[in-house]
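Enquirer: A predicted structure for the sequence below; I have some questions about it.
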Amino acid sequence: MPPFESRFPGKLESMIGSVQQTFDGQYLNPTVLDAATAYFTQTIRDHPFKNGNKRVAVLFTHVFLMANKVEFTLTFDEMYQFAILVATVSENKQVSFEEAREVTKTIIQDFTKDLRQPLLF
């Protein structure tokens, strides 16, 4: 993992804040699946760190899912391949952010158990 100081100032806080955003008292990412998808995709796409963004995305998303009592069933190798896929899709200029997010959401949904838990930021 890269040292925390190797991040771009403000990017991480901005990313976390955007995932926790509300409108009219409602979260814009209202479910655990939506928030996990946003954290994973944005960490890889927005590069808050100078190095290790995919590793941080995998770790952060896994911890977030565990904190919300959701089991992520991908193996370590599958998680690595998943992060590479999302990075590749996200870097493709012909793929919109929403499309990249949908790919991410589908994979997280397919490899998690019990998405009905209340959301814990």
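Expert: Received it, and whenever you're ready, just let me know what you need.
Enquirer: Going by C-alpha atoms from here, please, whenever you check contacts or count neighbours.
Expert: Noted.
Enquirer: Could you pull out the strands in this protein for me?
Expert: Here the chain has its strands, by DSSP state E, at 22-23, 26-27, 71-72, 112-113.
Enquirer: Tell me which of those sits most buried.
Expert: Highest mean neighbour count of the strands of the chain: strand 71-72, a mean of 18 (counted as mean count of other Cα atoms under 10 Å).
Enquirer: For the protein, give me the ranges with low pLDDT.
Expert: By pLDDT under 70, the low-scoring segments of the chain are 1-2, 4, 114-121.
Enquirer: Give me the distance between the residue positioned nearest the centre of it and Gly25.
Expert: Residue closest to the mean C-alpha point of the chain, counted by Cα atoms, centre = their mean, is Phe40 at 1.4 Å. Shown here: Phe40 relative to Gly25, a distance of 24 Å by Cα to Cα, to the nearest Å.
Enquirer: Can you tell me how far Glu71 is from Ile44?
Expert: Where Ile44 is concerned, Glu71 sits at a distance of 21 Å (Cα to Cα).
Enquirer: can you pull the buried residues of stretch 69-85?
Expert: By neighbour count on 16 or more other Cα atoms under 10 Å, the buried set for stretch 69-85 is 69-72, 74, 79, 82-83.
Enquirer: now stretch 101-116
Expert: Across stretch 101-116, burial judged by 16+ other Cα under 10 Å covers 101-105, 108-109, 115.
Enquirer: Can you tell me which of those residues is closest to Ser90?
Expert: Minimum distance to Ser90 across the buried residues of stretch 101-116 is 8.5 Å, recorded for Arg101 (Cα to Cα).
Enquirer: my guess is the closest one meets Thr37, correct?
Expert: Yes. Using Cα atoms under 8 Å, Arg101 is in contact with Thr37, at 6.6 Å.
Enquirer: contacting residues around the nearest residue to Lys11 once chain neighbours are set aside?
Expert: Leaving aside its chain neighbours, Lys11 sits nearest to Pro48 (5.0 Å; criterion: Cα to Cα, 6 or more residues apart in numbering). Pro48 sits next to 7-9, 11-12 when contact means Cα atoms under 8 Å, 6 or more residues apart in numbering.
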